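Asks: I need the structure of the sequence given here:
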Amino acid sequence: MAFGIMQIGLIQKFAFYNERIETSLAILLFGAYGCIISLLLMDIKKGAFYNNHLKDPINSFTIGTWVAATSVIILNITYHFPHLTTVSIGLYIIDFLIWLFYLGIIIRNYSIYIRKPKFIEKLNGVIVLSCVSTQSLVIGGETIFKAEFPIEFAFLLIVVGATFYVISLMLIGRSLYLMKNTLKTVILNWKMTNCTIHGGLSITGLALIVTFNSSGKWLIYYWIFVTIVFFIVESIEGTRSIFRIQQFGIKDALFIYHPTQWVRNFTFGMYVNFTIHLPAISLLGNARTIVIEGGKYIVVSLFIIEVCLLAQYKLGKRWD
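Replies: Predicted coordinates:
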């Protein structure tokens, strides 16, 4: 997800970008996607698929990344290899079938959290992947089928995704309320996956743009709202980082690998991509340009840092 969203619209804005780099990065992206599928197939073969991916009502929300990642792959195929339309359509059908399966998981998990409040205390932003995955289907469908993608179906998916977002946000709020701790404790226990709170809004905005091709001022107001939420969420994360540095030191606070860190790369990339697709009208002033030009460096830098942390983590495990 993080790699794919960076590969569309962001890297192209650097002066050094050329066709050779484009092809190399696309091959790396598709290779990484293939490796992840292989790992999932190995879990099925070993009989560990249910325990690893479906059993836990929190962890099972990450199935939404499979849907969103496949949608991102579809976007990259359409962008870099437009002649492979049949492949894109085939992947979209598979993506939609995965989402239908995921829909059952979402409903099951929501019902668990609503009926059994004790489970809600460990809830975090991963639940918003229910929204992210649904809106990614809209963007993927509009990219492949364009005018042939039924607008009524796209609108239905957008509404479903928005509904998932509202329910998820209410459950996250309830989870934070049930903690009944000091503000500092809440911030220290803030999960990195909570950045999907603004990521869900960004991808919904992009889904609205590609569906309705709107250039109305309402999109600008919506973007301003998303930007405010973005800064609120990231300010909490920044405060948490300061507390962690005081407690663990810079290295152990900020430069220890964890898989959930990739979510921040994706949500930042999605916010910048949403901004790129906004209509360039005077109401925004220079804000749009600042976000795009500054955002491309932030997103790529975060990705490089994350790759380095992953390599360090894997090499460390190997030598241990």
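
Asks: Which parts of this protein are helices?
Replies: Ranges of helices in the chain, per DSSP state H, are 2-7, 19-46, 49, 63-80, 85-115, 129-145, 151-179, 183-188, 196-212, 217-248, 250-254, 261-276, 287-319.

Asks: Compile those helices into TSV and extend it with columns for mean pLDDT.
Replies: Supplementary listing: the helices of the chain in TSV, determined by pLDDT from 0 to 100:
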stretch	mean pLDDT
helix 2-7	82
helix 19-46	87
helix 49	87
helix 63-80	91
helix 85-115	93
helix 129-145	95
helix 151-179	91
helix 183-188	78
helix 196-212	94
helix 217-248	91
helix 250-254	84
helix 261-276	91
helix 287-319	84
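
Asks: Nearest to Lys55, out of those helices?
Replies: Minimum separation from Lys55 across the helices of the chain (C-beta to C-beta) falls at helix 49, 9.8 Å. Heads up, the C-betas are built off the backbone N, CA and C, glycines and all.

Asks: Buried ones in stretch 2-17, by neighbour count?
Replies: Ala2, Phe3, Gly4, Ile5, Met6, Gln7, Ile8, Gly9, Leu10, Ile11 (16 or more other C-beta atoms under 10 Å).

Asks: Show the end-to-end separation of it, please.
Replies: 18 Å (C-alpha to C-alpha, to the nearest Å).

Asks: do the same with stretch 242-257
Replies: 18 Å.

Asks: cool, stretch 48-55 as well?
Replies: End to end - C-alpha to C-alpha - stretch 48-55 spans 10 Å.

Asks: So what touches it?
Replies: Residues lying outside stretch 48-55 but in contact with it, judged by C-beta atoms under 8 Å, 6 or more residues apart in numbering, are Leu40, Asp43, Asn59, Ser60, Thr62, Ile63, Ile105.

Asks: from the residues you listed, which is closest to Ala26?
Replies: For those, the nearest to Ala26 is Leu40 (21.7 Å; C-beta to C-beta).

Asks: what's the closest one in contact with, if anything?
Replies: With contact taken as C-beta under 8 Å, 6+ apart, Leu40 is in contact with Phe49, His53, Trp66.

Asks: ok so, going back, what subset of the contacts of stretch 48-55 is buried?
Replies: With burial judged by 16+ other C-beta under 10 Å, the buried subset of the contacts of stretch 48-55 is Ser60, Thr62, Ile63, Ile105.

Asks: Could you dump those residues into CSV with distance to Trp223 added?
Replies: Shown next, in CSV, are the buried ones among the contacts of stretch 48-55 (distance: C-beta to C-beta, whole Å):
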residue, distance to Trp223
Ser60, 32
Thr62, 28
Ile63, 29
Ile105, 31
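
Asks: The residues you listed: which two are farthest apart?
Replies: Farthest-apart pair in those is Thr62 and Ile105; separation 10.2 Å (C-beta to C-beta).
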